[in-house]
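In: Starting from these lines, generate the structure:
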Amino acid sequence: MDPNENLKRTRVSNIILGISLLVCIGFFFYGMINNIQAQKAKEIVQEETKKVLACEKYSLLLTEQLQERERQLTQARAEAALLKEQTREKRNK
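Out: Numbers count the residues shown, from 1 in each chain. Here you go, the predicted model:
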């Protein structure tokens, strides 16, 4: 084998390895950037989830209050109807 040919092969191999190294470094940074973006997105989702849960809790509270007021209104209507009936009975006597 010719020493110059060996040197050429070594240079070609080194160039290929260098290019492969640069590609690997590129993929590494691409993965890191995607990881950072995923972490930010995860934090945003967690914050939004907290907001949704708070809104849901508030909605349940308002629903309970509304149901209580509806119950009170139904009771007041029943009492008003009873009083009306009693008034009619007193008038008829």
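In: Can you show me the helices along this structure?
Out: 3-92 (DSSP state H).
In: so where is it shaky, pLDDT-wise?
Out: Applying pLDDT under 70 to the chain flags residues 1.
In: try 90 this time
Out: In the predicted model of the chain, residues 1-6, 85-86, 88-93 satisfy pLDDT under 90.
In: burial count for Q46?
Out: When neighbours are defined as other CB atoms under 10 Å, Q46 has 10 of them. (Glycine included, C-beta is placed from N, CA and C.)
In: Oh, that last question was meant for L83, not what I typed.
Out: By other CB under 10 Å, the burial measure for L83, its neighbour count, is 10.
In: and the gap between it and E70?
Out: Distance, L83 to E70, using CB to CB, to the nearest Å: 20 Å.
In: same thing with V45?
Out: Using CB to CB, V45 is found at 36 Å from E70.
In: do I44 as well
Out: Distance from I44 to E70, by CB to CB: 38 Å.
In: go on, M32?
Out: 56 Å.
In: G26 too?
Out: In this view, G26 and E70 are 64 Å apart by CB to CB.
In: so how far is stretch 84-93 from its chain's centroid?
Out: Relative to its parent chain, stretch 84-93 has a centroid offset of 61 Å by CA atoms, centre = their mean, to the nearest Å.
In: whoops, I mixed them up, stretch 3-17
Out: For stretch 3-17, the distance to the chain centre is 54 Å (CA atoms, centre = their mean).
In: Equivalent analysis for stretch 59-71, please.
Out: Centroid separation between stretch 59-71 and its chain, computed with CA atoms, centre = their mean, is 27 Å.
In: swap in stretch 16-27?
Out: With CA atoms, centre = their mean, you get 37 Å for stretch 16-27.
In: All set, thanks.
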